[in-house]
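J.: Predicted model and sequence follow; I will ask about them next.
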Amino acid sequence: MIVVAHRGASAYAPENTLSALRLARIHHADMAEIDVRRTADGQFVVIHDLDLRRTTNVAELYPDRRSWRVSDFTLAEIRRLDAGSWFGDRFTGERVPTLTEALDAMRADGLGALVELKVHRRDPEMCRDLAMFLRADPYWRAAGADGRLILQSFDWVTLRQVAEVVPGVHTAVLGKTYGRFGLRRIARYARQINPHHLRVTAPYVRHAHAQGLTLFGWTVNNDHAIRRMIRDGVDGIITDYPDRVAGYRALA
Ligand code: G3P
Ligand code: CA
């Protein structure tokens with residue numbers, strides 16, 4: 001059972017930063033989940049929200065802007081932002097990482113990468129570019145073939161298009177289908193399904209496995225839910241507390 005640090009070890013450091021990724025391995029994660037968006041000048045950066053205000057000081061630095069979306073700012077502008085101090089003073093100066101920086105950090109620590117394509121409105125071009133970007137690097141291309149690199153999205157149509165354009169890439173749909181037929185349809189283009197943990201049951205895990213799909217549940221933080229997911233037979237748990245999940249895994 002794989003332990004995935006959600007947005008890095010986001011209980012211990014500001015989400016989707018290099019600090020959160022560094023702490024993921026220290027807290028016994030096997031993989032880290034990151035969210036990827038594109039800047040106004042087409043660069044990939046690691047950040048969850050469409051809007052920069054929750055996790056950076058963008059409103060302070062750019063008070064005259066009328067919109068604070070990631071896609072309205074260039075990479076150079078985003079790199080000026082502080083993405084750490086909202087979480088605590090000791091993280092002041094933390095930057096929004098580029099995708100390359102985040103992948104390098106994960107690679108250096110031997111962490112697998114669960115990369116979520118955050119798509120605002122359908123954007124097959126961005127997803128295809130991201131898949132091609134990852135395949136261009138031999139290390140991540142090999143990781144894509146053996147499940148150490150997984151591309152996931154809530155946008156199943158876009159994910160299906162990615163699988164068509166870049167065959168062999170390991171894709172995971174986020175959410176849940178109803179019944180076996182839905183799982184069978186998904187298995188035509190994806191290798192994995194990642195539902196919210198409250199939607200996971202042991203029979204559902206078995207049905208997914210029968211279709212050849214692996215299954216990770218998210219975002220599983222409390223003790224009871226972690227134990228239940230392990231009992232249900234999931235293949236991975238996405239959590240803000242990788243140390244907690246690793247502890248229960250060791251006992252199982
Ligand atoms: O990995 C699953 C989870 O990240 C999906 O939700 O909102 O945290 O991106 P969210
Ligand atoms: Ca995510």
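T.: Cool, got the structure. Numbers count the residues shown, from 1 in each chain. Ligands and ions are numbered 1, 2, ... in the order given.
J.: near ligand 2, which residues of the stretch 101-250 of the chain?
T.: Residues of the stretch 101-250 of the chain lying close to ligand 2 by CB under 5 Å from the ion are E116. Bear in mind the C-beta positions are built from the backbone N, C-alpha and C, glycine included.
J.: Surely I150 is in a strand?
T.: Yes: assigned with DSSP: H, G, I helix; E, B strand; the rest coil, I150 falls within a strand.
J.: List the residues that contact it.
T.: By CB atoms under 8 Å, 6 or more residues apart in numbering, I150 lies in contact with M31, G112, A113, L114, V115, H170, T171, A172, R191, Q192.
J.: Ramachandran coordinates for the residue in the stretch 1-150 of the chain that ligand 2 sits nearest to?
T.: Closest contact between the stretch 1-150 of the chain and ligand 2, by CB to the ion, is at E116 (4.0 Å). Dihedral angles of E116 (phi, psi; degrees, to the nearest 10) stand at phi -90, psi 130.
J.: from what I can see it touches A32, true?
T.: No: under the criterion of CB atoms under 8 Å, E116 is not in contact with A32, lying 11.1 Å apart.
J.: Which residue of the two possesses the greater neighbour count?
T.: A32 (31 against 21; other CB atoms under 10 Å).
J.: The more buried one belongs to a strand, doesn't it?
T.: Yes: judged by three-state DSSP, A32 forms part of a strand.
J.: ok, it - contacts?
T.: Neighbouring residues of A32 by CB under 8 Å, 6+ apart: V4, A5, G8, A9, A20, L21, A24, M106, L111, G112, A113, L114.
J.: one more time with 7 Å
T.: Residues in contact with A32 (CB atoms under 7 Å, 6 or more residues apart in numbering) are V4, A5, G8, L21, A24, M106, L111, A113, L114.
J.: just checking, what packs against the particular helix or strand that has the fourth one in it?
T.: Secondary-structure element containing L21, defined by DSSP states H and E: helix 18-26. Secondary structure elements in contact with helix 18-26, counted by 3 or more CB pairs under 7 Å, 6 or more residues apart in numbering; DSSP states H and E, are helix 99-108.
J.: packing partners for the helix it packs on?
T.: helix 18-26, strand 31-38, strand 44-46.
J.: now the last one: mean pLDDT?
T.: What strand 44-46 shows for mean pLDDT is 97.
J.: helix or strand right after it?
T.: With elements assigned by DSSP H and E, the helix or strand that comes after strand 44-46 is helix 58-61.
J.: Which element, helix or strand, includes the closest residue to H197 other than its chain neighbours?
T.: With sequence-adjacent residues excluded and distances taken as CB to CB, 6 or more residues apart in numbering, H197 is closest to G217, at 4.0 Å. Here G217 sits within strand 214-217, counting by DSSP H and E.
J.: Over to R122?
T.: R122 belongs to no helix or strand, assigned by DSSP H and E.
J.: which residues touch it?
T.: Shown in contact with R122 (CB under 7 Å, 6+ apart): D155, V157, T158.
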